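Visitor: This is a predicted model, with the sequence first.
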Amino acid sequence: MLSEYRSSIRRSAISTSPQKHVKTLPIATVLAVSFGTLVIITVVIVLGISLTSGLTNTRDLLIDKASAAMESAENDLTELLNPAAYQTQYIAKAISEGQLDVNNREQLTDYLLAAVAGTPQISTLSFVGPNLQGMASNRDHQRIITFDESRDPVARLAIREISSQKKGSWGQLIYVPTLQETILSFREPVIRDGQFVGALIATITVTTVNNRMNAAQSLTNGKRFILYGNDHVLLQQGMNRPMNGLSVDNVVPKLEEIEDPILKEIWSEDRDELELLGNPTAFESHYLQINGNGYIFIYKHLDGYADKTFTIGYWIRDEDVSAELRRLAIAGIAGLVIMLLSAVVAIVIGRRISRPVLMLSDASRQISKLDFQAVKSLPRSRFTEVNEANDAYNAMLRGLTWFETYVPKSLVRKLMESGEAHSEERIVTVMFTDIAGFTPQAESMETEEVANFLNHHFELVTSCIEAEGGTVDKFIGDAVMAFWGAPEVQEDHAARACRAAMAIKQAIIADNEKRRDDGLPDVHMRIGIHTGPLVVGNIGAAGRLNYTVVGDTVNIAQRMEQYGKTLSPDQTDEVFTLMTDATYNAAPDTNATKIGDYQLKGRQDPVTIYQLT
C-alpha cells in the first residue's frame, strides 16, 4: 500500500535544486562608481600636476624652519626634565661619598628641601630606604613628609627594580589619585660601599610640563604636542591640565579622547610621507588631508624620559607654511572639492534611484521571515518599472496575508529551512485530540460562541504542539491532528509528542479553572498517540497540494483517541491520553501506565495500550 502511495505521489512532489551563488553588488555603489569614476580620474591627474609644480622651491625653507622649531621644542622639554635628574644624582653622589648621612634626619631634610627649592619643576623629592620607609619634600606643603610603604606590594616591586639598576632612569608615567595628577618620575639608586641603601625619586607633574611647553610662543594655525607612545597625549598646546577621566590605567588621555580633531588623525592610514622634507636625523614629517584641509605634521622621537618613547612635534596648516604651499593647497583643495562633489552627486543620484529598489529588497526579506503583519505596502514611485514592481508586490502581499491564515506558518518555515518537500517513508509520531461531548454542548451555543470557543481551544492545543516542534496537520471539527518527525528529522519525536500531551493537559486544567470562575462547564479531552511508518510529503493534485502524512499509523492514532470513550466512558480525567506500545517503547522515560492488550477495529493483532500519566 505504501509503495503505491509513493509511486503516485512522486509525480507531484516538489524538489529543490541548489542555486549557483552569484556575487552581487549594492546598486547604490555601482551607480556611484559609474557616475564618479571619470570625474575622479580627471581630477587626480590635474591635481597631481599642480602639486608637483612648486615643491622644489620650498624644500630648503621648510627644512630650516622645521629643524629650528623641533630643536626649540626638544630643548624646552629637556631643560625642564634634566635638572630634576641632576639634583637627584647630586644627592645620591653625596650619600655615596659620605658627605650626607641618610641616618641623619636633619641633614637629609636640609638636602631634600634645598633641592626642591632650587629646582622649581620638581613636585616632590623622596628618599626611600630598603625597608620602604622614607621621607619626601613636597613643594606645595614646603615641608618634609615621612611615610612607610612596606605593606604596599607595588612599592616593594618598584624598590626591588630600582635596586637592581646601576644608574638612575626615568620610570613610567604614574597617575596619583590623591593629587588627581599624572607624574613623571626619575629614580636614582643610592649605593654606598657597594651596598644599596635606598633610592631617590624626583617627580614632576604633567601640569608642570604643560605649563612650561605652553609658555613657548604659540603657532599660527597650529599646535605643539607631546605623545606618550603612539596613542596617548602627554601635552596638547592650550590645555593646562590633563583631561578628566584619567586613572591608574589611563595615565594620560588617549588620542581618540582629546578634542583636537587634527591631532586625533596623526597616524591615519591616509598620511603621506613628505620626502621633500626628508631629514630623518632632525625630524620626521608627513602630510594629511582632514576634512578637506591639508596639514603637515613635523615630529621627532625622544627616548629615555619614560618607559615609552616621547614624540615631540607640532602640526600646522599647509597653507601657512609658505605662499608656494598655499598655492599647492588651493589646487589640492579645489581638486578634492571637485572629487568630493562628484562623489556626493553620485551617491545622491544612486540613492535616489536605488531607494525604491532597496525598499523592495527590505520588504522581500521581511516576507522571507513569514512576518506578513510587519510588512507595509510599498509606496508609488516616479520610476515606471519600479512602480509596476511595487504594485505587483503589494498584490502579492495581500495574497500572502490571506495565505498564512490557511497554511501553518511553522510548517512553511520548516520546509524553507529543510529545502525539501518530496514524499518519503519515515517513522513518525501522530497525535489526535478531541473534545469529549462537544457535539451536545455546541447545540446549546450560538454560532459565534462556538467559533470563539473552538478558536480559543485550538490556540491552547496548537501552542503546546508547536512548542515541542510538532506540525499541526489539520483541524477536523473540534479535533486536531498533529505529527512529529517531519519535515525536519527529530530523533525524539515520540518523547516530544508525549511532552506536548502533558502540556495540553496542564493548559486545559488551568483553562478549566478560569471557566469555573466564569460559571462555565469544564472541558474534557481525549488524546491518542501512535508511532509508526508513514508516507510524508506533498499529497494531492498538481493545483492543490497538502504537506501531510498518509498510512495506517494515522488510523491507529485516531483509534487510540476514540478508544478513550471505551476505557474512560465517564471521562473523569480532564485530559485522558492513550498511546500504543510503539510510542511507549520509543519514549521509555515517559510516565505511563500499562492498561492491557486490546483488539482494535480493523486490525488482526492486539495492540498494547498505555495511559499517559
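Guide: Arrived safely, thanks for sending.

Visitor: Domain-wise, how is the protein divided?
Guide: By the assignment in automatic domain parsing, the chain contains the domains 76-208, 420-612.

Visitor: separation between the residue nearest the centre of the chain and residue 267?
Guide: The centroid of the chain falls nearest to residue 256 when counting by C-alpha atoms, centre = their mean (19.5 Å). Going from residue 256 to residue 267 by C-beta to C-beta, to the nearest Å gives 11 Å. C-beta: built from backbone N, CA, C; applies to glycine.

Visitor: next one: residue 68
Guide: Going from residue 68 to residue 267 by C-beta to C-beta gives 25 Å.

Visitor: Could you do residue 485 as well?
Guide: Applying C-beta to C-beta to residue 485 and residue 267 gives a distance of 60 Å.

Visitor: Of those two, which one has the most company?
Guide: Neighbours around residue 485 and residue 267, counted as other C-beta atoms under 10 Å, are more numerous at residue 485. The numbers are 26 against 13.

Visitor: Please confirm that residue 448 is located within a strand.
Guide: No. Counting by DSSP: H, G, I helix; E, B strand; the rest coil, residue 448 is not part of a strand but helix.

Visitor: and it, how many residues sit next to it?
Guide: Per other C-beta under 10 Å, the neighbour tally for residue 448 reads 8.

Visitor: before we move on, what about residue 151?
Guide: Neighbours around residue 151, by other C-beta under 10 Å: 8.

Visitor: ok, it to residue 132 distance?
Guide: Where residue 132 is concerned, residue 151 sits at a distance of 8 Å (C-beta to C-beta).

Visitor: Residue 440 too?
Guide: In terms of C-beta to C-beta, residue 440 sits 95 Å off from residue 132.

Visitor: One more: residue 551?
Guide: Distance of residue 551 to residue 132, given as C-beta to C-beta: 87 Å.

Visitor: same thing with residue 513?
Guide: Relative to residue 132, and taking C-beta to C-beta, residue 513 is found at 73 Å.

Visitor: higher neighbour count, these two?
Guide: Neighbours per residue, other C-beta under 10 Å: of residue 513 and residue 132, the larger number sits with residue 132, 18 against 10.

Visitor: List the residues that contact the more buried one.
Guide: For residue 132, the contact set (C-beta atoms under 8 Å, 6 or more residues apart in numbering) comprises 148-150, 152, 155-156, 159.

Visitor: which one among those residues gets closest to residue 450?
Guide: residue 152 (81.9 Å; C-beta to C-beta).

Visitor: Report how many residues lie close to that closest one.
Guide: Neighbour tally, residue 152, other C-beta under 10 Å: 13.

Visitor: Relative to residue 157, how far out is the residue nearest to it when sequence neighbours are not counted?
Guide: Of all residues not flanking residue 152 in the chain, residue 132 sits nearest, at 7.3 Å (C-beta to C-beta, 6 or more residues apart in numbering). Residue 132 sits at a distance of 11 Å from residue 157 (criterion: C-beta to C-beta).

Visitor: again, but for residue 258
Guide: Between residue 258 and residue 157 the distance is 31 Å, computed by C-beta to C-beta.

Visitor: Could you do residue 452 as well?
Guide: 77 Å.

Visitor: again, but for residue 141
Guide: Remark: distance between residue 141 and residue 157 (C-beta to C-beta) = 27 Å.

Visitor: what about the helices in the stretch 51-200 of the chain?
Guide: 55-96, 105-118, 153-163 (DSSP state H, counting those that start in this stretch).

Visitor: ok so, going back, residue 258 and residue 157 - which one has more neighbours?
Guide: Comparing residue 258 with residue 157 by neighbour count (other C-beta under 10 Å), the higher total belongs to residue 258, at 18 against 10.

Visitor: wait, isn't that one in contact with residue 266?
Guide: No. Under the criterion of C-beta atoms under 8 Å, residue 258 is not in contact with residue 266, lying 10.6 Å apart.

Visitor: Including mean pLDDT and distance to residue 337, could the domains of the chain go into TSV?
Guide: TSV is the format used below for these (pLDDT from 0 to 100; distance: least, C-beta to C-beta, whole Å):
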stretch	mean pLDDT	distance to residue 337
domain 76-208	88	38
domain 420-612	88	57
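
Visitor: CSV please, covering those and showing distance to residue 231.
Guide: CSV is the format used below for the domains of the chain (distance: least, C-beta to C-beta, whole Å):
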stretch, distance to residue 231
domain 76-208, 13
domain 420-612, 51
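
Visitor: now for those domains, which one comes closest to residue 298?
Guide: domain 76-208 (15.2 Å).

Visitor: can you map out the helices along the stretch 251-400 of the chain?
Guide: Here the stretch 251-400 of the chain has its helices, by DSSP H, counting those that start in this stretch, at 261-264, 323-368, 384-406.

Visitor: what is the mean pLDDT for the second one?
Guide: Average pLDDT, helix 323-368: 69.

Visitor: what do you get for the last one?
Guide: Model confidence over helix 384-406 averages 67 on the pLDDT scale.

Visitor: are any of the contacts of residue 132 buried, and which?
Guide: Buried by 16 or more other C-beta atoms under 10 Å: 149, 159, out of the contacts of residue 132.

Visitor: count of residues packed around the closest residue to residue 438 other than its chain neighbours?
Guide: Leaving aside its sequence neighbours, residue 438 sits nearest to residue 478 (C-beta to C-beta, 6+ apart; 4.5 Å). Other residues within reach of residue 478, judged by other C-beta under 10 Å, total 20.

Visitor: Touching, residue 478 and residue 451? I think so.
Guide: No. Counting by C-beta under 8 Å, residue 478 does not reach residue 451; the two are 11.5 Å apart.

Visitor: So what touches the helix or strand where residue 466 lies?
Guide: Applying DSSP states H and E as the criterion places residue 466 in helix 447-467. Residues from elsewhere that reach helix 447-467 (C-beta under 8 Å, 6+ apart): 410, 431, 433, 435, 442, 445, 471-472, 475, 478, 480, 482, 500, 503-504, 507-508, 511, 523.

Visitor: what do you get for stretch 490-501?
Guide: Outside stretch 490-501, the residues touching it (C-beta under 8 Å, 6+ apart) are 427-431, 464-465, 467-470, 482, 484-485, 527, 529, 531, 575, 577, 579, 583, 586-587, 589-590, 592, 612.
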